[in-house]
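*Asks:* Kindly generate the corresponding structure for this input.
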Amino acid sequence: MPIKYPDPFSYSTDGLSDQVNPYLAALREANTDGGLPLVFGQALVPYPGKWRELAAAYHQRREPYAKLVLEIGCHQGRTLLEMAAAHPDILFIGMDITFKRVVTTAQRAKAKGLNNVFVVLANAVALGQLFAAGEVDGCLIFFPDPWIKKARQAKNRLVDETFARQLSEVLVTDGFCWLKTDQLGYFENSAEQLDGVGLVRLDTPTPPLLGTNFTSTFEQRFHQKGLETYAGQWLRMAGAQGHLI
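*Replies:* Model (predicted):
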């Protein structure tokens, strides 16, 4: 069940029956008893600007996280958890819009004993509300929905001018955006938007912070079929014009 609410703090599951979706009960429990590293709706209010501190407190860590990396569209967490296991001092936040994906990701993180993962049920169009300026060290967008079946669907794509400005705002100086897609048209359009807000495209294929070319399930499937994919990395340099106007 995907959520489309642009305001992440107003979303509520009140009025929905647990029979509507098998993941709904686990989602609600995460917000009430903290059984899973998962948050949504009104419970998100304290987090912007304090993700490192609140996530560290939840996981009972003695030391704060050195960095924060966000994956938009974390699906069921395979790539996110692989990165988290490789970089235990980095806080990895997975964001998605369906109950199944966020619950499954949080359950898998808990089962693996990863104390550097947190999961958010929210629409990424609200990125600027969910994170404070300069709070994010890196953002991964791997194979977002390209909306290509009809020309008018292009307006639904995540990476547009407004999103790119929000992204530039929440990134730290030298923070990165790592984008992968199987659609050349979407890649070229996204590149134009990211370039347009002052993010600088790099020649290196992998962010130095992560050091490995992590591949998603979608990317592996495309390569197995011999299909081409497109990837790029952008950096927020000092003075990037990321503020909203």
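*Asks:* show me the contacts for T173.
*Replies:* Contact analysis of T173 by CB atoms under 8 Å, 6 or more residues apart in numbering lists 134, 236-238. Placement of C-beta: from N, CA and C, glycine included.
*Asks:* wait, W51
*Replies:* Contacts of W51 by CB under 8 Å, 6+ apart are 68, 91, 93, 118, 131, 135.
*Asks:* pLDDT value on the residue sitting nearest the centre point of the chain, please?
*Replies:* Residue closest to the average C-alpha location in the chain (CA atoms, centre = their mean): I72, at 2.3 Å. We have a pLDDT of 97 for I72.
*Asks:* For L91, which three-state class applies?
*Replies:* Per DSSP: H, G, I helix; E, B strand; the rest coil, the secondary structure class of L91 is strand.
*Asks:* if I read this right, it contacts V69, doesn't it?
*Replies:* Yes. If you go by CB atoms under 8 Å, L91 and V69 touch, sitting 7.2 Å apart.
*Asks:* so what sits against both of these two?
*Replies:* Counting by CB under 8 Å, 6+ apart, no residue touches both L91 and V69.
*Asks:* what's near enough to touch K110?
*Replies:* By CB under 8 Å, 6+ apart, the contact set of K110 is 36-37.
*Asks:* Over to E135?
*Replies:* 48-49, 51, 68, 170, 172.
*Asks:* Taking the contacts of W51, tell me the two that lie furthest apart.
*Replies:* Farthest-apart pair in the contacts of W51 is F118 and E135; separation 13.2 Å (CB to CB).
*Asks:* returning to what we had before: and which of the contacts of W51 is nearest A56?
*Replies:* L91 (7.7 Å).
*Asks:* Can you get me a residue count around the closest residue to R78 other than its chain neighbours?
*Replies:* Spatial nearest neighbour of R78, excluding adjacent residues (CB to CB, 6 or more residues apart in numbering): T217 at 5.8 Å. Counted with other CB atoms under 10 Å, residues neighbouring T217 total 13.
*Asks:* From what I see, T217 and H75 are in contact.
*Replies:* Yes. Between T217 and H75 there is a contact under CB under 8 Å: 7.1 Å.
*Asks:* Quick one, grab the pLDDT at A132.
*Replies:* We have a pLDDT of 98 for A132.
*Asks:* Contact partners for it?
*Replies:* Here A132 is in contact with 48-49, 170 (CB under 8 Å, 6+ apart).
*Asks:* Can you tell me the SS state at it?
*Replies:* Assignment for A132 (three-state DSSP): coil.
*Asks:* Also E192?
*Replies:* helix.
*Asks:* show me where pLDDT drops low in this protein?
*Replies:* 1-5, 146-156, 239-245 (pLDDT under 70).
*Asks:* ok, back up a step: in ChimeraX, how would I select the buried members of the contacts of E135?
*Replies:* Selection of the buried residues among these in ChimeraX, burial being defined by 16 or more other CB atoms under 10 Å:
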select :48,51,68,170
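*Asks:* Point out the ones among the contacts of E135 that are inside helices.
*Replies:* 51, 170 (DSSP state H).
*Asks:* Going by distance to Q224, which of the contacts of E135 wins?
*Replies:* L68 (32.3 Å).
*Asks:* Check the gap between that closest one and F214 for me.
*Replies:* Taking CB to CB, to the nearest Å as the measure, L68 falls 17 Å from F214.
*Asks:* for V119, same thing?
*Replies:* V119 is 17 Å from F214, by CB to CB.
*Asks:* More neighbours: which of the two?
*Replies:* A count of neighbours by other CB under 10 Å puts V119 above the other of V119 and F214, at 28 against 20.
*Asks:* For the more buried one, give me the backbone phi and psi.
*Replies:* Main-chain torsions, V119, degrees, to the nearest 10: phi -130, psi 140.
*Asks:* For the residue lying closest to A56 once chain neighbours are set aside, give me its contacts.
*Replies:* In space, and not counting its chain neighbours, A56 is closest to P64: 5.4 Å by CB to CB, 6+ apart. Counting by CB under 8 Å, 6+ apart, P64 touches 52-53, 56.
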